[in-house]
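1. sharing a model prediction with you, sequence too.
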Amino acid sequence: MEITKKLNIPASFFYDKVMDSVLFDVRKATGKSVTRKQLKNLEYVKQFSQNNRARIKIEEVIENQSYKFRTSTTKNEFVVHYQIKPLDDSTCEVHYTEKMESYGMLQKLNDMLLGTILMYFKRRRFKKMLDMIEATY
């Protein structure tokens, strides 16, 4: 999935919102508070439900420009990358990419069929989230 959207907010404001969410997620999953400077290469396990968990590795953190992380489960791996480009002092462009690699033929087939259906809703939900962030400015 790939989405590019211009937002009427400064790049720093969008980046701060993403970082607040990341720091909250890390604290909730690990019980530890970390700073932004400690995020790069940080790995932790996140429990989604009683039987589902994933290893998350934060791969790139560049102030007001980029945030990239990898989520690995026993069935697949997701790589998510936010690239933030300031257009001027009050607007920015967000380029979001999400790539998934599934393990095993059955999982790949399942993800291909369901992914096509769910992708529409996922894109819509992500764009709505961007609009909500923009509205909080």
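-> Alright, I've got the coordinates.
2. quick one: average pLDDT of the top helix by length along the chain?
-> Looking across the chain with DSSP state H, the single longest helix is helix 105-135. For helix 105-135, mean pLDDT rounds to 84.
3. stretch 2-14 too?
-> 98.
4. for that stretch, buried residues please.
-> For stretch 2-14, a neighbour-count test (16 or more other CB atoms under 10 Å) marks 7, 9-11, 13-14 as buried. To be clear about C-beta, it is placed using only N, CA and C from the backbone, and glycine gets the same treatment.
5. can you tell me the helix or strand for the residue nearest to the spatial centre of the chain?
-> Nearest to the mean C-alpha position of the chain, by CA atoms, centre = their mean, lies residue 80 at 5.0 Å. Taking DSSP states H and E as the definition, residue 80 sits inside strand 76-86.
6. which elements pack onto the following helix or strand past that strand?
-> For strand 76-86, the following helix or strand on the C-terminal side (DSSP H and E) is strand 92-102. Applying 3 or more CB pairs under 8 Å, 6 or more residues apart in numbering; DSSP states H and E, one finds that strand 92-102 contacts strand 2-7, helix 11-30, strand 76-86, helix 105-135.
7. tell me the angle the longest helix of the chain makes with strand 92-102.
-> In terms of direction (axes from the mean of the first three to the mean of the last three CA atoms, to 10 degrees), helix 105-135 departs from strand 92-102 by 160 degrees.
8. helix 105-135: which residues count as buried?
-> So, applying 16+ other CB under 10 Å, buried residues of helix 105-135: 108, 111, 126, 130, 133-134.
9. ok, now stretch 55-73?
-> Here stretch 55-73 shows 56, 58-59, 61, 64, 66-72 as buried, counting by 16+ other CB under 10 Å.
10. in strands only, show me the residues you listed.
-> In strands, judged by DSSP state E, the following of the buried residues of stretch 55-73 are found: 56, 58-59, 61, 66-72.
11. farthest-apart pair in those residues, please.
-> 66 and 72 (20.3 Å; CB to CB).
12. my read is that residue 71 contacts residue 54, right?
-> Yes: with contact defined as CB atoms under 8 Å, residue 71 reaches residue 54; the gap is 4.9 Å.
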